[in-house]
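>>> build the 3D model from these lines:
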Amino acid sequence: MILRKYYCFLLLLTTGLVNAQEATVTTLSLTEAYDILEERYPLLRNGALLEQIAQNQSAQIDAESKPAISLKADGRLQSETINLESDNPMFPLNISRPLVSVQTYLEASYLLLDGGLKEARQNLVAAQVKTELQQQEVDRFQLRERVNQLFLVISALREQEVLFDLSLKDLAARQEQVQAGVEYGVLLQTELTQLLVKEQEILAQQDNLIYQTTGAIQSLEQLLDLQLSPTVTLTYPPMGSTDILPVIQRPEQQLFQLKQEAVLAQAQLVDSERKPKLQVFAQAGVGYPNPLNLLDGNVAPYGIIGAGFSWKLVDWDKTRLQKETLQLQATQLQNARETFEFNLSQGEARYLTEIDRINAQIIRDEKIATLQAEILEQMAVQLDEGVITSADYVNQLNAELRARQNKAVHEVQLLQTQLNFWSNRGGF
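Modelled structure (predicted):
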């Protein structure tokens with residue numbers, strides 16, 4: 001029995017480890033990170049709610065356009081009422097209405113002709129929900145900056161780690177040679193000590209980078225609610241040649257267009273309020289005294305049917321001014337869209353100039369790093385032969401490391417410039 005429990009424990013433990021490994025993400029693309037963040041961002045869950053609200057508003061408009069049936073009752077006590085009496089035998093008259101009157105009735109009404117009011121209200125609701133949904137797309141797009149920054153930070157830190165690894169390998173090779181020289185009495189122990197000190201300095205810097213990289217990865221994990229491998233591979237979308245300018249495809253452009261449509265939908269509503277309207281109605285109930293027969297002072301049933309027609313012939317230019325104001329607002333939105341696109345387009349020349357500058361700097365960095373590496377290689381031979389000291393070699397190692405670091409920094413800067421430009425224009 002104990003052995004069986006032990007096997008079950010091992011099985012559960014193994015299963016848990018497998019599941020944990022499966023949950024760890026080893027490769028993550030930038031666009032996948034966008035999708036994950038957008039999926040879990042609370043504000044972006046309102047899409048279904050907005051659509052449901054629009055459906056409810058539309059159903060409410062439909063309900064309001066159907067026949068209305070109401071049960072009503074009212075009673076009143078008057079200080080004075082109709083009281084007519086005549087003693088003329090040829091025309092006897094005796095009318096006396098009570099001071100108290102009570103009515104209970106059903107009333108039905110139906111708007112046969114609404115001047116397009118229902119259609120205008122439905123169109124306005126549809127236009128407004130489209131605008132709100134597109135605003136969510138704008139909010140979704142703005143989230144990408146957070147992911148971009150973390151991806152770039154992790155990439156830059158890893159580039160530095162690689163450079164430190166190369167320097168440590170160079171130092172390890174030199175330490176072996178110097179150690180041999182110390183053992184044979186050709187070199188002093190201080191020569192080896194200086195190399196060991198430099199190794200510790202680089203290891204300290206590398207440890208600092210590792211902690212920074214771990215922190216950046218943990219920030220990305222928290223943002224995306226993922227378990228990322230410490231060595232997770234981060235990939236970027238293809239952006240082509242650096243001189244390619246992507247077409248501007250920002251969600252704000254569609255938002256401006258939908259806002260214009262919503263404004264113009266209000267103009268349709270203004271028009272409908274000016275058009276003719278026809279309503280029919282019916283009323284049936286019981287009243288005391290008879291509400292229709294002046295001569296009947298008893299409780300009596302009654303019924304009324306009729307129709308009402310209205311048409312606002314003159315509104316003193318109110319409709320024209322409202323529509324003119326709405327048209328001005330639509331023009332204002334069009335100008336805002338053109339301004340938005342204009343500002344994005346103005347960055348094209350600056351972007352191309354910056355790309356050329358960074359590319360030229362990378363080429364220069366490559367030449368400098370190559371020359372520094374050649375010098376370092378020559379000084380390594382001189383160190384092995386005892387011509388120079390370890391301090392001289394360490395100084396050159398620092399110079400070669402700085403040259404390679406400068407190149408790595410500019411390469412990340414080039415990626416950042418291109419990524420920000422493409423992302424800002426909605427290129428992916």
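
>>> mind listing what's buried in the helix or strand containing residue 380?
Here residue 380 sits within helix 347-385, counting by DSSP states H and E. Neighbour-count burial for helix 347-385 flags 351, 354-355, 358, 361-362, 365, 368-369, 372-373, 376, 379-380, 383-384 (criterion: 16 or more other Cβ atoms under 10 Å). Just so you know, the C-beta spots here come from the backbone N, C-alpha and C atoms, and that holds for glycine as well.

>>> what is the mean pLDDT for the helix or strand just after it?
Next along the chain after helix 347-385, taking DSSP H and E as the criterion, comes helix 390-424. Helix 390-424 comes out with an average pLDDT of 92.

>>> packing partners for helix 390-424?
Counting contacts by 3 or more Cβ pairs under 8 Å, 6 or more residues apart in numbering; DSSP states H and E, helix 390-424 is packed against helix 144-183, helix 189-224, helix 347-385.

>>> repeat the analysis, applying 10 Å as the threshold.
Here helix 390-424 touches helix 30-40, helix 144-183, helix 189-224, helix 347-385, going by 3 or more Cβ pairs under 10 Å, 6 or more residues apart in numbering; DSSP states H and E.

>>> that helix versus helix 30-40: what angle between them?
Angle of helix 390-424 versus helix 30-40, following axes from the mean of the first three to the mean of the last three Cα atoms, to 10 degrees, is 60 degrees.

>>> please identify the buried residues of helix 390-424?
For helix 390-424, burial by neighbour count (16+ other Cβ under 10 Å) applies to 390, 393-394, 396-398, 400-401, 403-424.

>>> got it, and stretch 298-306?
residue 302.

>>> contacts for it?
With Cβ atoms under 10 Å, 6 or more residues apart in numbering as the test, stretch 298-306 has contacts from 98, 102-103, 105-109, 279-293, 296.

>>> again, but for stretch 360-370
The contact list for stretch 360-370 (Cβ under 10 Å, 6+ apart) reads 163, 358, 399-411, 413-414.

>>> tell me where the model's unsure across this structure.
1-22, 86-93 (pLDDT under 70).

>>> could you point out which element follows the biggest strand by length in it?
Scanning the chain for the strand with the most residues, using DSSP state E, yields strand 100-113. Sequence order places helix 117-142 as the next helix or strand after strand 100-113, per DSSP H and E.

>>> and that following helix, how far out from the chain middle?
15 Å (Cα atoms, centre = their mean, to the nearest Å).

>>> tell me which strands and helices it is in contact with?
Helix 117-142 packs on helix 30-40, helix 46-64, helix 251-274, going by 3+ Cβ pairs under 10 Å, 6+ apart.

>>> most tightly packed of these?
helix 251-274 (a mean of 19; mean count of other Cβ atoms under 10 Å).

>>> run the angle between that helix and helix 117-142 for me.
170 degrees.

>>> ok, and the closest non-adjacent residue to residue 392?
Spatially, and ignoring its direct neighbours in sequence, residue 392 is nearest to residue 379 (6.5 Å; Cβ to Cβ, 6 or more residues apart in numbering).

>>> wait, I meant residue 41
residue 143 (6.1 Å).

>>> for the nearest residue to residue 212 once chain neighbours are set aside, give its distance to residue 163.
Closest residue in space to residue 212, ignoring its immediate chain neighbours: residue 157 at 5.4 Å, by Cβ to Cβ, 6+ apart. Applying Cβ to Cβ, to the nearest Å, the value for residue 157 to residue 163 is 11 Å.

>>> what is in contact with the two at once?
Listed as contacting both residue 157 and residue 163 by Cβ under 10 Å, 6+ apart are residue 209.

>>> the longest strand of the chain pairs with which strands, and in what direction?
The strands that strand 100-113 pairs with in its sheet are strand 68-77 (antiparallel), strand 277-288 (antiparallel) (by DSSP bridges).

>>> off-centre distance for the shortest one?
This points to strand 68-77. 52 Å.

>>> same deal with the longest one?
Here the centre of mass of C-alpha atoms in strand 277-288, compared against the chain's by Cα atoms, centre = their mean, lies 53 Å away.

>>> and if you look at stretch 225-237?
22 Å.

>>> can I get that stretch in CSV, CA atoms only?
Only the C-alpha atoms of stretch 225-237 are listed here, as CSV (Å, rounded to 0.1, in the frame of the first residue of the first chain):
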residue,chain,number,x,y,z
ASP,A,225,0.0,37.1,-17.5
LEU,A,226,2.3,34.5,-19.0
GLN,A,227,5.1,32.4,-17.6
LEU,A,228,8.1,33.2,-19.8
SER,A,229,11.3,31.2,-20.0
PRO,A,230,14.4,33.2,-18.8
THR,A,231,15.8,32.6,-22.3
VAL,A,232,12.6,33.3,-24.1
THR,A,233,13.1,34.2,-27.7
LEU,A,234,11.5,37.5,-28.7
THR,A,235,10.8,38.1,-32.4
TYR,A,236,9.8,41.2,-34.2
PRO,A,237,7.5,41.5,-37.3
